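K.L.:
Just need the structure, nothing else, for what follows:
(one chain, ligands or ions: 2)
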Amino acid sequence: MSRSAHPAGPRHADVLPEGHYSAPPADLNALDPKVWAQTVTRDEDGVVTVGGIPVTRLAEEYGTPAYVLDEADFRARARAWRTAFGADADVFYAGKAFLSRAVVRWLHEEGLNVDVCSGGELATALSAGMPADRIAFHGNNKSVDEITRAVETGVGHIVLDSFQEIVRVAHIAQGMGKRQKVLIRITVGVEAHTHEFIATAHEDQKFGIPLAGGQAAEAVRRALQLDGLELVGIHSHIGSQIFDMSGFEVAAHRVVSLLKAVRDEHGVELPEIDLGGGLGIAYTSDDDPREPHEIAKALSEIVTRECEAAKLRTPRISVEPGRAIVGPTAFTLYEVGTIKPLDGLRTYVSVDGGMSDNIRTALYDAEYSVALVSRTSDAEPMLARVVGKHCESGDIVVKDAFLPADVAPGDLLAVPATGAYCRSMASNYNHVLRPPVVAVDGGEARVIVRRETEEDLLRLDVG
Ligand SMILES: Cc1ncc(COP(=O)(O)O)c(C=O)c1O
Ligand SMILES: N[C@@H](CCCC[NH3+])C(=O)O
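P.N.:
Ligands and ions are numbered 1, 2, ... in the order given. So this is what the prediction gives:
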């Protein structure tokens with residue numbers, strides 16, 4: 001990542017604190033289209049608009065903090081994945097990134113399927129009308145109740161994550177007189193270049209069955225023997241927020257090698273492979289994401305080539321993008337509260353949310369950018385840290401950012417690229433209420449997930 005050691009921030013230029021920071025951008029009022037949703041722009045008064053609506057109006061109507069989601073952008077990204085993979089492949093949107101009924105309806109309309117990993121996500125997808133056979137069920141520790149519901153409702157497939165689960169799902173399906181379609185999730189032994197908490201294909205972590213030591217082959221052997229299961233394929237997901245395509249390519253290669261081994265041992269050609277999600281997005285201008293058509297081309301080429309070489313029928317490919325679809329489509333709108341300049345260090349700019357609406361900075365040391373969106377400013381750049389309102393010094397939203405030095409209480413700030421893993425990982429820490437998700441499109445805004453209320457909190461407190 002390109003990080004300059006010496007930003008030219010005039011107010012703090014004498015003693016620069018340790019940490020990651022870039023030089024201030026040439027124009028603090030500019031909005032880099034790499035990190036902002038597609039319809040975001042500034043109007044002639046300098047106010048940022050999205051979907052044709054000024055953020056000042058959104059703040060007045062819906063309050064802050066709020067996640068603001070650009071529906072046209074979401075649909076365009078979903079469609080780009082659908083088109084890139086074509087009719088011979090399936091795109092399962094990873095619901096863990098952000099799931100709501102509106103989103104499920106958009107996905108349905110755009111021809112995507114959904115991957116869920118809990119009873120709650122399954123219920124949301126079903127209640128919004130996603131046909132059960134277009135839902136895949138994931139998870140490393142699915143409960144008996146979750147498996148039973150998944151089989152009962154007829155989900156398209158269940159992804160088996162362990163030897164115990166192979167037996168458990170077979171037993172439950174057989175008990176219902178059903179034969180459940182399943183894939184086996186394997187760990188291909190790839191070191192994905194991402195934060196260790198979100199890398200999932202190396203061996204020492206909780207997901208999947210290792211390819212190493214013949215364990216994946218043994219899992220296939222067992223699954224093929226059980227009446228309650230119809231083994232249709234192999235699944236691999238190497239991690240998340242990945243830019244380097246080589247990890248996906250190695251994973252595809254290893255999955256095809258297993259298909260070949262299965263054919264050689266059992267005479268069975270498994271018809272499907274799922275290569276998971278994980279494509280990275282731009283959180284700051286330093287990130288250069290790959291496009292869906294690039295990953296589609298790379299994956300289909302390698303699978304086709306290797307299957308031809310092995311004289312295997314080319315399997316149907318599916319993928320599970322989450323972040324790459326929803327991440328860039330939303331920003332979080334905050335109001336500035338207390339401002340605290342620390343001489344020789346940086347200025348702490350507090351906003352009315354924090355780690356309860358975006359845990360990613362605290363959890364993964366994630367980097368974000370931020371902009372003043374309620375007006376433009378010609379003031380000098382000021383090295384700032386955008387922090388929340390929680391009782392925790394790690395409650396940081398944007399660790400190192402340049403904001404105009406005249407930023408003041410009441411200004412609106414927006415943090416782009418918060419569509420994925422922000423609302424879905426939000427908490428009630430300090431009994432702060434989770435923000436709404438406001439969808440905007442063609443000059444209209446509507447709440448798709450409402451703001452939590454104190455009544456919501458107290459309803460659960462039955463003591
Ligand atoms: C099995 C599986 N599929 C898909 C995803 C979605 O990943 P991403 O949001 O990085 O595309 C995840 C999360 O990392 C996952 O665990
Ligand atoms: N929650 C993580 C990604 C993990 C995805 C689920 N396997 C993030 O915010 O980056």
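K.L.:
Are we agreed that Ala304 is in a helix?
P.N.:
Actually, residue 304 is Thr. It isn't Ala. Yes - under DSSP: H, G, I helix; E, B strand; the rest coil, Thr304 falls within a helix.
K.L.:
Who are the contact partners of it?
P.N.:
Thr304 sits next to Thr314 when contact means Cβ atoms under 8 Å, 6 or more residues apart in numbering. (C-beta placed from N, C-alpha, C; glycine too.)
K.L.:
And for Leu259?
P.N.:
Per Cβ under 8 Å, 6+ apart, neighbours of Leu259: 234, 269-270, 273, 307, 310, 312, 315.
K.L.:
Spatially nearest residue to the residue of the stretch 51-200 of the chain found nearest ligand 1 (excluding sequence neighbours)?
P.N.:
Nearest residue of the stretch 51-200 of the chain to ligand 1: Ala94, at 3.4 Å (Cβ to the nearest ligand atom). Leaving aside its chain neighbours, Ala94 sits nearest to Gly322 (3.0 Å; criterion: Cβ to Cβ, 6 or more residues apart in numbering).
K.L.:
List the residue ranges of the stretch 151-300 of the chain that fall below the pLDDT cut-off.
P.N.:
192-201 (pLDDT under 70).
K.L.:
near ligand 1, which residues of it?
P.N.:
237, 240, 276-279 (Cβ under 6 Å from any ligand atom).
K.L.:
Of those - the most surrounded one?
P.N.:
Neighbour tally across those (other Cβ atoms under 10 Å): the maximum, 29 neighbours, falls on Gly278.
K.L.:
Identify the residues contacting that one.
P.N.:
192, 194, 237-242, 248, 321.
K.L.:
Please identify which pair of the contacts of Leu259 lies farthest apart.
P.N.:
Farthest apart among the contacts of Leu259 by Cβ to Cβ are Ile234 and Ala310. That separation is 14.0 Å.
K.L.:
who's more crowded, the two?
P.N.:
Comparing Ile234 with Ala310 by other Cβ under 10 Å, the one with more neighbours is Ile234, at 27 against 14.
K.L.:
Assign the more buried one to helix, strand or coil.
P.N.:
strand.
K.L.:
hang on, it packs against Val268?
P.N.:
No - Ile234 lies out of contact with Val268 (Cβ atoms under 8 Å); the separation is 11.9 Å.
K.L.:
Next one: the residue nearest to Ala94 relative to ligand 2, how far apart?
P.N.:
From Gly322 across to ligand 2, the span is 7 Å (Cβ to the nearest ligand atom, to the nearest Å).
K.L.:
And Pro33, by the same measure?
P.N.:
Using Cβ to the nearest ligand atom, Pro33 is found at 22 Å from ligand 2.
K.L.:
quick one: secondary structure of that residue?
P.N.:
Here Pro33 is recorded as coil under three-state DSSP.
K.L.:
does whatever residue of the chain ends up closest to ligand 2 sit in a helix or strand, and which one?
P.N.:
Nearest residue of the chain to ligand 2: Tyr421, at 3.1 Å (Cβ to the nearest ligand atom). Here Tyr421, judged by DSSP states H and E, is contained in no helix and no strand.
K.L.:
That one: what's it in contact with?
P.N.:
Counting by Cβ under 8 Å, 6+ apart, Tyr421 touches 96-98, 322-323, 327, 360.
K.L.:
hmm, 7 Å instead?
P.N.:
Counting by Cβ atoms under 7 Å, 6 or more residues apart in numbering, Tyr421 touches 97, 323, 360.
K.L.:
want to throw these into a markdown table with secondary structure, distance to Lys178 and pLDDT?
P.N.:
Converted to a markdown table, the contacts of Tyr421 look like this (DSSP: H, G, I helix; E, B strand; the rest coil; distance: Cβ to Cβ, whole Å; pLDDT from 0 to 100):
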| residue | secondary structure | distance to Lys178 | pLDDT |
| --- | --- | --- | --- |
| Ala97 | coil | 30 | 98 |
| Arg323 | helix | 33 | 98 |
| Arg360 | helix | 39 | 97 |
